[in-house]
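Asks: from the sequence below, what's the structure:
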Amino acid sequence: MTETTHDGPYLLEGTGLGKSYGGVHAVDDVSLRLSAGEVLGLIGPNGAGKTTLVDLLDGAQPADRGTLTIRGRRLGGPPSRRARAGLARTFQHPHLAHDLTVRENILLGAAAPKLAGVGGLIAGLVAGAFRPAGARFEGTLRRVAEALELGDLSRRCGDLTLGEQRLVEVARALAQEPSVLLLDEPFAGADSIGIGAISAAVRTVRAQGCGIILVDHNVDIVASLVDRVMLLRTGTVVFDGDPAECLASAEMQDVYFGTGGESVAP
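Replies: Numbers count the residues shown, from 1 in each chain. Predicted coordinates:
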């Protein structure tokens, strides 16, 4: 895998991030750095804090502690503001408009960073702001559709399988042309074709300089795609480094096979 340089300012940097629910520390003093063109894998058992950490990065949940910057600038506020700063994400459970077509859902992704919040999205729909506007959008739509082998874009998203919906959600995120892409379990429910398409898309956008944070329970797939792995346990980072070294580490064995651990996904 291509070596990633860490010289100069990081694309995304979080310092001392924390989120607590009562006495439970879901994310506890986590710091991370992501460079342009780097893929960082987040792994760990259920309850390790992976999705909560992604929520803190994209603003779905406010952090109780810590700071976050993108290209050296302080990043805060709701997801809409962070989308305009260059962040895009997918979710554990696809957040699609099921009554809209594949094409329309991708178009929502392309338009979302330009419109503020739900009110802006509704106003944009009323005003027809989500209609293709020129060759630039058409090119983006065509690239992501072909990269993910989406096929017929006129299909209604509610009629798709879970694996197909995940492909559409990844396509919608890519249509934002982000500088940072957060993928939360994109392979869950996908068949071999979908896994191959998403993996190829990760490699393509990485080569274009996008920084990617990939969360998934299938550690073998994660290890095959990422430059670096962060292993989480009960909200804390217990390993941060080379994927192969992580898989062979005592920390990995303890997290997945120790007392109260769970087996590594095949």
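Asks: where does this structure have low pLDDT?
Replies: 1-8, 112-140, 259-266 (pLDDT under 70).
Asks: one more pass at 50, please.
Replies: 1-7, 117-127, 129-136, 259-266 (pLDDT under 50).
Asks: quick check: longest helix of it.
Replies: When the chain is parsed with DSSP state H, its longest helix is helix 192-207.
Asks: need the contact list for residue 213.
Replies: The neighbours of residue 213, taking CB atoms under 8 Å, 6 or more residues apart in numbering as the test, are 34, 39, 40, 41, 42, 54, 57, 180, 181, 182, 183. For glycine as for every other residue, the C-beta is placed from the backbone atoms N, C-alpha and C.
Asks: from residue 56, how far out is it?
Replies: As defined by CB to CB, to the nearest Å, residue 213 lies at a distance of 12 Å from residue 56.
Asks: which non-adjacent residue is nearest residue 44?
Replies: Spatial nearest neighbour of residue 44, chain neighbours left out: residue 232 (3.7 Å); criterion: CB to CB, 6 or more residues apart in numbering.
Asks: now do the SS call for residue 47.
Replies: Here residue 47 is recorded as coil under DSSP: H, G, I helix; E, B strand; the rest coil.
Asks: who are the neighbours in contact with it?
Replies: Taking CB under 8 Å, 6+ apart, we find residue 47 in contact with residue 234.
Asks: now the helices for the stretch 151-266 of the chain?
Replies: 162-175, 192-207, 219-225, 243-247, 250-257 (DSSP state H, counting those that start in this stretch).
Asks: which residues touch the first one?
Replies: Contacts with helix 162-175, where a contact means CB under 8 Å, 6+ apart, come from 88-91, 94-96, 102, 105-110, 140-141, 144-145, 147-150, 157, 160, 181, 183, 186-191, 194, 197-198, 201, 205.
Asks: hang on, residue 183 packs against residue 215?
Replies: Yes: contact criterion CB atoms under 8 Å: residue 183 and residue 215 qualify, at 6.6 Å.
Asks: quick one: common contacting residues for those two?
Replies: Joint contacts of residue 183 and residue 215 (CB under 8 Å, 6+ apart) do not exist.
Asks: which of the three states applies to the closest residue in space to residue 222 that isn't next to it in sequence?
Replies: In space, residue 222 comes closest to residue 41 once its chain neighbours are excluded; the distance is 4.1 Å by CB to CB, 6+ apart. What three-state DSSP gives for residue 41 is strand.
Asks: measure residue 41 to residue 32 for me?
Replies: Shown here: residue 41 relative to residue 32, a distance of 11 Å by CB to CB.
Asks: same thing with residue 212?
Replies: Remark: distance between residue 212 and residue 32 (CB to CB) = 13 Å.
Asks: overlap in contacts of those two?
Replies: Common neighbours of residue 212 and residue 32 (CB under 8 Å, 6+ apart) are residue 40.
Asks: and those two? Which one has more around it.
Replies: Using other CB atoms under 10 Å as the criterion, residue 212 and residue 32 rank with residue 212 on top: 23 against 20.
Asks: where do the helices sit along the stretch 1-150 of the chain?
Replies: With DSSP H, counting those that start in this stretch as the criterion, the stretch 1-150 of the chain has helices spanning 50-58, 79-84, 102-111, 117-127, 135-147.
Asks: on that earlier part again, go ahead and confirm the residue nearest to residue 222 touches residue 243.
Replies: Yes: at 6.7 Å, residue 41 counts as touching residue 243 under the criterion of CB under 8 Å.
Asks: quick check: neighbours shared by these two?
Replies: 222, 223, 226, 228, 229.
Asks: tally of neighbours for the first one?
Replies: Read that as residue 222. The tally of other residues near residue 222 (other CB under 10 Å) stands at 23.
Asks: tell me who's in contact with it.
Replies: 41, 43, 214, 216, 229, 243.
Asks: hang on, isn't residue 223 packed against residue 243?
Replies: Yes: Residue 223 is within contact range of residue 243, at 4.1 Å (criterion: CB under 8 Å).
Asks: the two: which has the busier surroundings?
Replies: residue 243 (21 against 16).
Asks: next up, the contacts around the more buried one.
Replies: Here residue 243 is in contact with 41, 222, 223, 226, 227, 228, 229 (CB under 8 Å, 6+ apart).
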